[in-house]
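1. Sequence plus predicted model, see below.
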Amino acid sequence: MTATPTVYVTRKVPEAGLARLRDRYEVVVRDEKLPPSKAHIERRLADLDADGLVCLLSDTIDADVLDASSDLSVVSTFSVGYDHIDLEAAIERDVAVGHTPGVLTETTADLAWALLMTCACRTVEGHAYVEADEWETWGPTLLTGPDVHGATLGIIGLGNIGTATARRAAGFGMAVRYSGRSRKPDREAELAEVGVDATYVDREELLAESDFVSLHVPLVESTEELIGASELRQMPDDSILVNTSRGGVVDTDALDTALEEGWIARAGLDVTDPEPLPGDHPLLRHAPSRLVVTPHIGSASIGTRDRMAEMVAACTEAGIEGEPLPHSARQDAGL
(Lines give C-alpha, C1' and ligand atoms only; values in the text may rest on other atoms or scores of the structure.)
Protein backbone atom coordinates (compact mmCIF):
# COMPACT_ATOMS: atom_id res chain seq x y z
CA MET A 1 0.00 0.00 0.00
CA THR A 2 1.34 3.47 -0.90
CA ALA A 3 1.61 6.30 1.64
CA THR A 4 -1.64 7.72 0.28
CA PRO A 5 -3.98 4.95 -0.88
CA THR A 6 -5.62 5.39 -4.28
CA VAL A 7 -9.27 4.79 -5.11
CA TYR A 8 -10.44 4.40 -8.71
CA VAL A 9 -14.08 5.28 -9.48
CA THR A 10 -15.40 3.93 -12.79
CA ARG A 11 -18.01 6.68 -13.20
CA LYS A 12 -18.86 9.83 -11.30
CA VAL A 13 -21.03 9.28 -8.23
CA PRO A 14 -22.57 12.00 -6.01
CA GLU A 15 -20.13 14.33 -4.31
CA ALA A 16 -21.45 13.26 -0.90
CA GLY A 17 -19.35 10.12 -1.27
CA LEU A 18 -16.46 11.47 -3.32
CA ALA A 19 -15.75 14.32 -0.89
CA ARG A 20 -15.51 11.87 1.99
CA LEU A 21 -13.03 9.71 0.09
CA ARG A 22 -10.97 12.70 -1.06
CA ASP A 23 -10.42 13.71 2.55
CA ARG A 24 -8.29 10.61 3.07
CA TYR A 25 -7.23 9.19 -0.28
CA GLU A 26 -6.12 9.97 -3.80
CA VAL A 27 -9.36 9.61 -5.78
CA VAL A 28 -9.35 9.18 -9.56
CA VAL A 29 -12.78 9.43 -11.21
CA ARG A 30 -13.52 8.40 -14.79
CA ASP A 31 -15.75 11.23 -15.97
CA GLU A 32 -17.56 9.53 -18.86
CA LYS A 33 -21.26 8.84 -19.42
CA LEU A 34 -21.04 5.27 -20.74
CA PRO A 35 -19.69 2.29 -18.75
CA PRO A 36 -16.01 1.42 -19.21
CA SER A 37 -14.89 -1.86 -20.69
CA LYS A 38 -13.48 -4.52 -18.41
CA ALA A 39 -10.11 -4.05 -20.07
CA HIS A 40 -10.19 -0.34 -19.26
CA ILE A 41 -10.86 -1.03 -15.59
CA GLU A 42 -7.99 -3.49 -15.49
CA ARG A 43 -5.60 -0.99 -17.08
CA ARG A 44 -6.53 1.83 -14.72
CA LEU A 45 -6.26 -0.35 -11.62
CA ALA A 46 -2.84 -1.50 -12.75
CA ASP A 47 -1.62 1.99 -13.69
CA LEU A 48 -2.74 3.43 -10.35
CA ASP A 49 -1.79 0.46 -8.15
CA ALA A 50 -5.26 1.12 -6.76
CA ASP A 51 -6.16 0.13 -3.21
CA GLY A 52 -9.90 0.61 -3.69
CA LEU A 53 -12.36 0.34 -6.57
CA VAL A 54 -15.78 1.98 -6.71
CA CYS A 55 -17.87 0.45 -9.50
CA LEU A 56 -21.42 0.36 -10.82
CA LEU A 57 -23.85 -2.44 -11.62
CA SER A 58 -22.86 -2.25 -15.29
CA ASP A 59 -19.19 -3.05 -14.57
CA THR A 60 -17.91 -6.62 -14.76
CA ILE A 61 -15.65 -7.33 -11.81
CA ASP A 62 -14.11 -10.78 -12.20
CA ALA A 63 -10.83 -12.47 -11.32
CA ASP A 64 -8.94 -10.61 -14.06
CA VAL A 65 -10.04 -7.24 -12.69
CA LEU A 66 -9.30 -8.26 -9.11
CA ASP A 67 -5.79 -9.31 -10.14
CA ALA A 68 -5.06 -6.03 -11.95
CA SER A 69 -3.68 -4.31 -8.84
CA SER A 70 -1.79 -6.24 -6.18
CA ASP A 71 -2.74 -3.53 -3.67
CA LEU A 72 -6.50 -3.87 -4.23
CA SER A 73 -8.20 -4.49 -0.88
CA VAL A 74 -11.82 -3.48 -1.47
CA VAL A 75 -14.44 -3.19 -4.20
CA SER A 76 -17.53 -1.11 -3.42
CA THR A 77 -20.45 -1.12 -5.82
CA PHE A 78 -22.89 1.77 -6.14
CA SER A 79 -25.83 -0.63 -6.13
CA VAL A 80 -27.84 -3.01 -3.99
CA GLY A 81 -27.14 -5.90 -6.35
CA TYR A 82 -23.70 -7.44 -6.63
CA ASP A 83 -24.13 -10.22 -9.18
CA HIS A 84 -21.69 -8.38 -11.47
CA ILE A 85 -18.91 -9.12 -8.96
CA ASP A 86 -17.28 -12.54 -8.64
CA LEU A 87 -17.55 -12.95 -4.88
CA GLU A 88 -15.75 -16.28 -4.86
CA ALA A 89 -12.78 -14.73 -6.64
CA ALA A 90 -12.83 -11.82 -4.19
CA ILE A 91 -12.75 -14.23 -1.24
CA GLU A 92 -9.82 -16.10 -2.75
CA ARG A 93 -7.90 -12.83 -3.03
CA ASP A 94 -9.02 -11.46 0.34
CA VAL A 95 -10.72 -8.48 -1.32
CA ALA A 96 -13.64 -7.04 0.63
CA VAL A 97 -16.84 -6.24 -1.31
CA GLY A 98 -19.29 -3.54 -0.24
CA HIS A 99 -22.73 -2.61 -1.57
CA THR A 100 -25.71 -0.40 -0.66
CA PRO A 101 -28.54 -2.56 0.75
CA GLY A 102 -31.84 -1.20 2.01
CA VAL A 103 -31.35 2.33 0.77
CA LEU A 104 -33.53 2.01 -2.35
CA THR A 105 -36.71 0.66 -0.77
CA GLU A 106 -38.91 3.72 -0.27
CA THR A 107 -37.71 5.60 -3.35
CA THR A 108 -38.30 2.61 -5.64
CA ALA A 109 -41.75 2.12 -4.14
CA ASP A 110 -42.47 5.77 -4.91
CA LEU A 111 -41.56 5.18 -8.55
CA ALA A 112 -43.69 2.03 -8.74
CA TRP A 113 -46.62 4.18 -7.67
CA ALA A 114 -45.66 6.94 -10.10
CA LEU A 115 -45.80 4.42 -12.95
CA LEU A 116 -49.05 2.94 -11.66
CA MET A 117 -50.69 6.37 -11.43
CA THR A 118 -49.24 7.51 -14.75
CA CYS A 119 -50.70 4.50 -16.53
CA ALA A 120 -54.06 4.76 -14.75
CA CYS A 121 -54.48 8.50 -15.25
CA ARG A 122 -52.82 8.52 -18.68
CA THR A 123 -50.73 11.59 -17.82
CA VAL A 124 -47.92 11.03 -20.33
CA GLU A 125 -50.46 10.40 -23.06
CA GLY A 126 -52.31 13.53 -21.97
CA HIS A 127 -49.16 15.63 -22.21
CA ALA A 128 -48.48 14.30 -25.71
CA TYR A 129 -52.10 15.13 -26.64
CA VAL A 130 -51.66 18.73 -25.54
CA GLU A 131 -48.22 19.06 -27.12
CA ALA A 132 -49.63 17.83 -30.44
CA ASP A 133 -52.21 20.65 -30.27
CA GLU A 134 -55.09 18.18 -30.22
CA TRP A 135 -56.74 19.66 -27.11
CA GLU A 136 -59.74 21.48 -28.59
CA THR A 137 -62.25 21.14 -25.76
CA TRP A 138 -63.16 19.20 -22.63
CA GLY A 139 -64.88 15.90 -23.41
CA PRO A 140 -66.75 13.38 -21.24
CA THR A 141 -64.72 10.43 -22.52
CA LEU A 142 -61.39 12.17 -23.14
CA LEU A 143 -58.44 10.08 -21.85
CA THR A 144 -60.49 8.21 -19.30
CA GLY A 145 -58.79 5.47 -17.30
CA PRO A 146 -59.49 3.13 -14.40
CA ASP A 147 -60.02 4.23 -10.82
CA VAL A 148 -57.14 3.53 -8.47
CA HIS A 149 -59.12 3.97 -5.26
CA GLY A 150 -60.97 0.83 -4.28
CA ALA A 151 -59.16 -1.27 -6.90
CA THR A 152 -57.16 -4.46 -6.29
CA LEU A 153 -53.38 -4.29 -6.20
CA GLY A 154 -51.41 -7.48 -6.79
CA ILE A 155 -47.85 -7.60 -5.48
CA ILE A 156 -45.58 -10.34 -6.79
CA GLY A 157 -42.71 -10.52 -4.31
CA LEU A 158 -43.51 -9.14 -0.85
CA GLY A 159 -39.96 -8.22 0.11
CA ASN A 160 -38.88 -4.79 1.30
CA ILE A 161 -39.86 -2.88 -1.84
CA GLY A 162 -43.01 -4.96 -2.40
CA THR A 163 -44.10 -4.27 1.17
CA ALA A 164 -43.39 -0.55 0.83
CA THR A 165 -45.42 -0.47 -2.39
CA ALA A 166 -48.31 -2.32 -0.72
CA ARG A 167 -48.20 0.04 2.26
CA ARG A 168 -48.95 2.98 -0.01
CA ALA A 169 -52.21 1.30 -1.06
CA ALA A 170 -53.71 2.22 2.31
CA GLY A 171 -54.36 5.77 1.15
CA PHE A 172 -56.39 4.51 -1.80
CA GLY A 173 -58.49 1.96 0.06
CA MET A 174 -57.23 -0.81 -2.18
CA ALA A 175 -57.52 -4.55 -1.68
CA VAL A 176 -54.04 -6.07 -1.72
CA ARG A 177 -53.14 -9.55 -2.91
CA TYR A 178 -49.60 -10.91 -2.88
CA SER A 179 -47.83 -14.00 -4.09
CA GLY A 180 -44.37 -15.46 -3.66
CA ARG A 181 -42.56 -18.60 -2.61
CA SER A 182 -44.33 -18.64 0.76
CA ARG A 183 -46.78 -16.73 2.91
CA LYS A 184 -45.26 -13.93 5.01
CA PRO A 185 -47.24 -13.42 8.24
CA ASP A 186 -44.73 -10.86 9.53
CA ARG A 187 -45.21 -8.71 6.45
CA GLU A 188 -48.98 -9.10 6.70
CA ALA A 189 -48.86 -7.89 10.31
CA GLU A 190 -46.66 -4.94 9.34
CA LEU A 191 -49.12 -3.91 6.65
CA ALA A 192 -52.14 -4.45 8.91
CA GLU A 193 -50.76 -1.80 11.25
CA VAL A 194 -51.29 0.82 8.53
CA GLY A 195 -54.66 -0.51 7.46
CA VAL A 196 -53.65 -2.77 4.58
CA ASP A 197 -55.15 -6.26 4.60
CA ALA A 198 -52.68 -8.21 2.45
CA THR A 199 -53.96 -11.62 1.40
CA TYR A 200 -51.63 -14.39 0.24
CA VAL A 201 -52.80 -16.13 -2.95
CA ASP A 202 -51.17 -18.19 -5.66
CA ARG A 203 -49.86 -16.32 -8.68
CA GLU A 204 -52.65 -17.47 -10.99
CA GLU A 205 -55.33 -16.10 -8.65
CA LEU A 206 -53.43 -12.86 -8.18
CA LEU A 207 -53.12 -12.28 -11.91
CA ALA A 208 -56.78 -13.04 -12.53
CA GLU A 209 -58.10 -10.82 -9.69
CA SER A 210 -55.81 -7.77 -9.78
CA ASP A 211 -56.48 -4.47 -11.49
CA PHE A 212 -52.82 -3.54 -11.06
CA VAL A 213 -49.90 -6.00 -10.85
CA SER A 214 -46.57 -4.74 -9.52
CA LEU A 215 -43.41 -6.87 -9.76
CA HIS A 216 -40.83 -6.92 -6.97
CA VAL A 217 -38.70 -10.04 -7.38
CA PRO A 218 -34.96 -10.48 -8.00
CA LEU A 219 -33.78 -11.79 -11.35
CA VAL A 220 -32.70 -15.36 -10.73
CA GLU A 221 -33.18 -18.52 -12.75
CA SER A 222 -36.63 -19.16 -11.27
CA THR A 223 -37.90 -15.64 -12.03
CA GLU A 224 -36.52 -15.21 -15.54
CA GLU A 225 -39.50 -14.40 -17.79
CA LEU A 226 -41.78 -14.99 -14.80
CA ILE A 227 -44.38 -12.96 -16.65
CA GLY A 228 -44.80 -14.42 -20.12
CA ALA A 229 -47.61 -14.99 -22.57
CA SER A 230 -49.50 -17.40 -20.29
CA GLU A 231 -49.39 -15.02 -17.34
CA LEU A 232 -50.35 -11.96 -19.37
CA ARG A 233 -53.33 -13.81 -20.80
CA GLN A 234 -54.52 -14.53 -17.24
CA MET A 235 -54.73 -10.81 -16.44
CA PRO A 236 -57.95 -8.86 -17.08
CA ASP A 237 -57.92 -6.96 -20.35
CA ASP A 238 -58.27 -3.64 -18.47
CA SER A 239 -55.41 -4.35 -16.05
CA ILE A 240 -52.06 -2.59 -15.76
CA LEU A 241 -48.61 -4.17 -15.26
CA VAL A 242 -45.82 -2.30 -13.43
CA ASN A 243 -42.22 -3.52 -13.33
CA THR A 244 -39.53 -1.84 -11.20
CA SER A 245 -37.58 -5.04 -10.44
CA ARG A 246 -35.50 -6.37 -13.35
CA GLY A 247 -36.25 -6.33 -17.06
CA GLY A 248 -35.68 -10.05 -17.51
CA VAL A 249 -38.58 -10.87 -15.20
CA VAL A 250 -40.92 -10.02 -18.09
CA ASP A 251 -40.83 -11.68 -21.52
CA THR A 252 -40.52 -8.60 -23.73
CA ASP A 253 -41.89 -10.26 -26.86
CA ALA A 254 -44.91 -11.56 -24.94
CA LEU A 255 -45.56 -8.09 -23.49
CA ASP A 256 -45.32 -6.61 -26.98
CA THR A 257 -47.99 -9.05 -28.17
CA ALA A 258 -50.14 -8.47 -25.08
CA LEU A 259 -50.21 -4.72 -25.70
CA GLU A 260 -50.78 -5.18 -29.42
CA GLU A 261 -53.68 -7.60 -28.99
CA GLY A 262 -55.19 -6.01 -25.87
CA TRP A 263 -54.58 -8.82 -23.38
CA ILE A 264 -53.84 -6.05 -20.85
CA ALA A 265 -54.56 -2.33 -20.98
CA ARG A 266 -51.16 -0.77 -20.22
CA ALA A 267 -47.70 -1.33 -18.79
CA GLY A 268 -45.34 0.92 -16.86
CA LEU A 269 -41.68 -0.14 -16.94
CA ASP A 270 -38.61 1.23 -15.21
CA VAL A 271 -36.57 -1.80 -16.27
CA THR A 272 -36.48 -3.53 -19.64
CA ASP A 273 -34.97 -6.41 -21.55
CA PRO A 274 -32.84 -5.39 -23.35
CA GLU A 275 -31.56 -2.56 -21.19
CA PRO A 276 -31.01 0.16 -22.20
CA LEU A 277 -34.02 -0.12 -24.51
CA PRO A 278 -33.11 1.24 -27.98
CA GLY A 279 -35.25 4.12 -29.19
CA ASP A 280 -36.29 2.10 -32.24
CA HIS A 281 -37.32 -1.00 -30.26
CA PRO A 282 -40.71 -2.38 -31.42
CA LEU A 283 -42.09 -2.25 -27.88
CA LEU A 284 -42.00 1.54 -27.94
CA ARG A 285 -44.62 1.72 -30.68
CA HIS A 286 -47.17 1.27 -27.87
CA ALA A 287 -46.05 4.48 -26.12
CA PRO A 288 -47.53 6.62 -24.79
CA SER A 289 -51.09 5.31 -25.12
CA ARG A 290 -50.39 1.83 -23.76
CA LEU A 291 -46.84 2.00 -22.48
CA VAL A 292 -44.70 4.25 -20.29
CA VAL A 293 -40.96 3.54 -19.93
CA THR A 294 -38.49 5.26 -17.64
CA PRO A 295 -34.69 4.66 -17.83
CA HIS A 296 -34.08 2.59 -14.67
CA ILE A 297 -34.54 5.53 -12.29
CA GLY A 298 -36.08 3.64 -9.37
CA SER A 299 -33.51 5.04 -6.93
CA ALA A 300 -33.17 8.44 -8.59
CA SER A 301 -33.93 10.80 -5.75
CA ILE A 302 -31.20 13.17 -4.65
CA GLY A 303 -31.41 11.96 -1.06
CA THR A 304 -31.21 8.28 -1.96
CA ARG A 305 -28.32 8.68 -4.38
CA ASP A 306 -26.41 10.75 -1.79
CA ARG A 307 -26.96 8.04 0.83
CA MET A 308 -25.76 5.41 -1.63
CA ALA A 309 -22.59 7.41 -2.26
CA GLU A 310 -21.99 7.77 1.46
CA MET A 311 -22.44 4.02 1.98
CA VAL A 312 -20.02 3.25 -0.83
CA ALA A 313 -17.47 5.64 0.70
CA ALA A 314 -17.87 4.06 4.13
CA CYS A 315 -17.32 0.59 2.72
CA THR A 316 -14.29 1.72 0.74
CA GLU A 317 -12.73 3.37 3.80
CA ALA A 318 -13.29 0.30 5.95
CA GLY A 319 -11.80 -2.01 3.34
CA ILE A 320 -8.67 0.08 2.86
CA GLU A 321 -8.17 0.45 6.61
CA GLY A 322 -8.62 -3.28 7.18
CA GLU A 323 -11.83 -2.89 9.17
CA PRO A 324 -15.13 -4.81 8.84
CA LEU A 325 -17.33 -3.35 6.12
CA PRO A 326 -20.60 -1.77 7.29
CA HIS A 327 -22.38 -3.30 4.28
CA SER A 328 -20.60 -6.45 3.17
CA ALA A 329 -21.86 -8.23 0.05
CA ARG A 330 -19.93 -11.34 1.01
CA GLN A 331 -21.63 -11.44 4.39
CA ASP A 332 -25.07 -10.73 2.94
CA ALA A 333 -24.55 -13.53 0.43
CA GLY A 334 -23.66 -15.91 3.25
CA LEU A 335 -20.06 -16.32 2.06
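-> Thanks, I have it. Numbering: from 1, shown residues only.
2. all helices for this protein, in order.
-> Secondary structure of the chain, counting by DSSP state H: helices at 15-22, 38-48, 63-66, 87-92, 105-121, 123-131, 160-167, 185-192, 203-209, 229-234, 252-261, 302-320, 329-332.
3. Could you pull up the residues touching the residue nearest to residue 154 when sequence neighbours are not counted?
-> In space, and not counting its chain neighbours, residue 154 is closest to residue 210: 3.1 Å by C-beta to C-beta, 6 or more residues apart in numbering. Where C-beta positions appear, they are placed from N, C-alpha and C, glycine not excepted. Neighbour list for residue 210: 152, 153, 154, 177, 235, 236, 239 [criterion: C-beta atoms under 8 Å, 6 or more residues apart in numbering].
4. what's the spacing between the residue lying closest to residue 35 once chain neighbours are set aside and residue 251?
-> Nearest residue to residue 35 in three dimensions, chain neighbours excluded: residue 58, at 4.1 Å (C-beta to C-beta, 6+ apart). Separation of residue 58 from residue 251 (C-beta to C-beta, to the nearest Å) stands at 23 Å.
5. Those two - which one has more neighbours?
-> Set side by side, residue 58 and residue 251 show more neighbours around residue 251, with 20 against 14, by other C-beta atoms under 10 Å.
6. Got the confidence number for that one?
-> As summarised for this prediction, residue 251 has a pLDDT of 98.
7. cool, residue 1 as well?
-> The model reports residue 1 with a pLDDT of 44.
8. what's the distance between the nearest residue to residue 26 once chain neighbours are set aside and residue 146?
-> Excluding the flanking residues, the one nearest residue 26 by C-beta to C-beta, 6+ apart is residue 6, at 4.5 Å. Going from residue 6 to residue 146 by C-beta to C-beta gives 55 Å.
9. Looking at the two, which one has more neighbours?
-> For residue 6 and residue 146, the more surrounded residue by other C-beta under 10 Å is residue 6, and the numbers stand at 22 against 17.
10. There's contact between the more buried one and residue 50 in this structure, I believe.
-> Yes - between residue 6 and residue 50 there is a contact at 4.9 Å, judged by C-beta atoms under 8 Å.
11. how's the chain carved up into domains?
-> 6-103+302-332, 105-293 (automatic domain parsing).
12. contact partners of the worst-scoring helix or strand of the chain on mean pLDDT?
-> Here the helix or strand of the chain ranked lowest by mean pLDDT, DSSP states H and E is helix 329-332, holding a mean of 92. Here helix 329-332 makes contact (C-beta under 8 Å, 6+ apart) with 77, 82, 85, 87, 90, 91, 96, 97, 98, 99, 101, 325.
13. Then stretch 117-135?
-> By C-beta under 8 Å, 6+ apart, the list of residues contacting stretch 117-135 reads 143-148, 212, 240, 242, 265-268, 287-289, 292.
14. measure residue 230 to residue 223 for me?
-> Using C-beta to C-beta, residue 230 is found at 15 Å from residue 223.
15. Please say which of the two ends up with more neighbours.
-> Between residue 230 and residue 223, residue 223 has the larger neighbour count (other C-beta under 10 Å), namely 17 against 11.
16. which residues of this structure score low on pLDDT?
-> 1-2 (pLDDT under 70).
17. Now for residue 295: which residues touch it?
-> By C-beta under 8 Å, 6+ apart, the contact set of residue 295 is 270, 276.
18. let me redo that: residue 85
-> Taking C-beta under 8 Å, 6+ apart as the criterion, residue 85 is in contact with 55, 61, 75, 77, 97, 329.
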